[in-house]
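Chemist: Structure, please.
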Amino acid sequence: MKTLDKSSDPDTQAVMGRPPLGMKPTTVRLPLETIRKIEALVGNRRIAGFIREAVENELRRREKPDQ
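Modeler: Numbering: from 1, shown residues only. From the prediction side, this is the model:
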């Protein structure tokens, strides 16, 4: 029987049990090449975390008042 190592992958915790509060599952369609680039940078099991961080960074950037 294969076990999951939850300590090394924060996204794995969402696989079993209740989803984290304040989160809504959302489907995003990205080009295959974009997914491959993300996988090359962060690995296959950290794609969702990478996308969450990228979106949050972009929201902060766009919400900043013009300088």
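Chemist: Quick one: distance of the longest helix belonging to the chain to the chain centre.
Modeler: Using DSSP state H to define each element, the chain has its longest helix at helix 47-63. How far helix 47-63 lies from its chain's middle: 9 Å, per Cα atoms, centre = their mean, to the nearest Å.
Chemist: which secondary structure elements does it contact?
Modeler: Judged by 3 or more Cβ pairs under 8 Å, 6 or more residues apart in numbering; DSSP states H and E, the packing partners of helix 47-63 are helix 32-42. Using the backbone N, CA and C atoms, a C-beta is placed for each residue, glycine as well.
Chemist: circling back: for the longest helix of the chain, which positions count as buried?
Modeler: 47-48, 51 (16 or more other Cβ atoms under 10 Å).
Chemist: and the angle for it with helix 32-42?
Modeler: Between helix 47-63 and helix 32-42, the angle comes out at 100 degrees (axes from the mean of the first three to the mean of the last three Cα atoms, to 10 degrees).
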